[in-house]
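[1] Fold the following.
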Amino acid sequence: MQVTIERRTRRSEHPLRALHFQLDDTARLRGLDALVLADRDGLFIAGGGRESDRLHHDQVASICPLVVKEGGNCFDGRVDVPGDRDVSILMFSYRGQTLYLAAMPGAAEADVSDAMLQAMEGVVRILG
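    Residues are numbered from 1 along each chain as shown. Model (predicted):
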């Protein structure tokens, strides 16, 4: 008899809730203060992390299309949302829609690029 161990501790059949869980778990496991998913208009879709204040997530989402223009695909630098913080933003296309993942690194050294790739894979898996 084979026993399957579930790696996820929080699950949901609702895609939006599942996105929040996935981004929150990835951010926490990878040492990020926040991980935010936004649409092409800079509207917040889902997010999580140690800084789970929804206002900050909305602010981070809103800057994504302003700093990563069509034709580019990423940004690493300081922005004034919230406060003066380092943010990494990855733009990707999913089923013809432009989406953004924004990561705010924590105090400890974190591998932001691996965390963002893991989060992007999770987003694609959840959205189907």
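[2] tell me, how many neighbours does residue 14 end up with?
    Using other C-beta atoms under 10 Å, residue 14 is surrounded by 10 other residues. From N, CA and C alone the C-beta is placed, and that goes for glycine too.
[3] swap in residue 107?
    Residue 107, neighbours per other C-beta under 10 Å, totals 8.
[4] before we move on, what about residue 38?
    Other residues close to residue 38 by other C-beta under 10 Å number 26.
[5] Confirm that it sits in a strand.
    Yes. Assessed with DSSP: H, G, I helix; E, B strand; the rest coil, residue 38 lies in a strand.
[6] quick one: stretch 94-112 to chain centroid distance?
    On the basis of C-alpha atoms, centre = their mean, to the nearest Å, stretch 94-112 sits 5 Å off its chain's mean C-alpha point.
[7] begin at 316 from here
    Got it, first residue is 316 now, which makes that one stretch 409-427.
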